[in-house]
Structure formats: C-alpha cells, structure tokens
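Q: Using only what follows, build the 3D model:
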Amino acid sequence: MNEIAEIINSATSCGNLRHGIQKLEDAIRNEVQHEIEPVHYFANGLYCREITIPKGMCLTGKIHKTEHINIISKGDISIITEDGTARIKAPHTIVSKPGTKRAGYAHEETVWTTIHPAETRDLEELERVLIAETREDYLLYVEKKLECDL
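A: Okay, the predicted model is just below:
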C-alpha cells in the first residue's frame, strides 16, 4: 500500500495526472483483488450502477464515453482525475465529463452511483456503448463520432 501512496503523491506533483492514474491502476493490479459487485437499476431510459467501496480500498474507474451523473450517497472518498484531486464526503453529486479516468481511496465505506441514459437493459451492450477500455479506444470513439456528425 505504501507503493500506491507514493504513486498518488508523484502523480499529483508531476502534473501528468492521467499518467499517474494509469500507473496507479497498474500497481493495483499487482495487489490482491477484491471484487465489488455492482447493483444495477433501470428506469424508463435510465441505467444506474451502484457500488459500495469498502473503507481503505484504493480503486480506479472506467473511462466513460458520455457525460453522466455520479452520486456519492454515503461515505468519504478522495479522488484524482486529470483535473486534480478532491476529497468528497456524502452527500455529493458530480457531473462527469466524457473520457474521464478516475482513481480513489475510500476513507470510509462509500456508496457511489453512476447514472446514464440507456436504450437497453442488456449489461454487455451497455458496457460496449458506455465504456472505453483505454484512452486510445476513447479517442477513436470521439473521432468516429465527429465523422458521423459531419
């Protein structure tokens, strides 16, 4: 865990936060993995994905292709994105920009819900439509979207 703290500190001081977040994700992959089982909710064109993050857990998030809402309904968590760092205590709501990569450390058990527009209730299809596996995949998605909009 000390290695992870060092990576977070170096990421915040070097100015390349996206690179630091990726290094953190790589380091976390070498640790014992703890599965967080999401709870899925659907309502008339909306998909909500809720996770409960245990106290003391360091984690990274997925890259979402679209703007969406995040609600922290319980807990206390520090997050880092390419825009900087913040410590968030519930209740708190964030509008997340497309392409954001986030890392976090839960100071207390934290409940985090993302809310997305959805035309399907098929979880595999939603993952394909909403998530980019890498920054490069996200940039290709944006490029194709721009071409279609022309």
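Q: Mind checking which residue lies nearest the centre of the protein?
A: Gly61 (2.8 Å; Cα atoms, centre = their mean).
Q: Which residues outside the biggest helix by length in the chain are in contact with it?
A: If you go by DSSP state H, the chain has its longest helix at helix 135-149. Contacts of helix 135-149 with the rest of the structure, by Cβ atoms under 8 Å, 6 or more residues apart in numbering, involve Arg18, Ile63, Lys65, Pro98, Gly99, Lys101, Ala132. (C-beta placed from N, C-alpha, C; glycine too.)
Q: do the same with stretch 28-48
A: So stretch 28-48 is in contact with 1, 4, 49-54, 57-60, 113-119, 121, 123, 126, 130, going by Cβ under 8 Å, 6+ apart.
Q: Give me the buried positions along that stretch.
A: Ile28, Tyr47, Cys48 (16 or more other Cβ atoms under 10 Å).
Q: Could you report the separation of the second one from Ser78?
A: By that I understand Tyr47. Tyr47 is 27 Å from Ser78, where distance means Cβ to Cβ, to the nearest Å.
Q: With His40 instead?
A: 26 Å.
Q: One more: Thr134?
A: From Thr134 to Ser78 the distance is 24 Å (Cβ to Cβ).
Q: Looking at these two, which one has more neighbours?
A: Using other Cβ atoms under 10 Å as the criterion, Thr134 and Ser78 rank with Ser78 on top: 15 against 11.
Q: so what's the more buried one up against?
A: Here Ser78 is in contact with Thr85, Ala86, Arg87, Ile88, Gly104, Tyr105, His107 (Cβ under 8 Å, 6+ apart).
Q: host element of it?
A: strand 68-81 (DSSP states H and E).
Q: what does the average pLDDT come to for the next helix or strand after that strand?
A: Moving toward the C-terminus from strand 68-81, the next helix or strand (DSSP H and E) is strand 84-89. In this model, strand 84-89 has an average pLDDT of 90.
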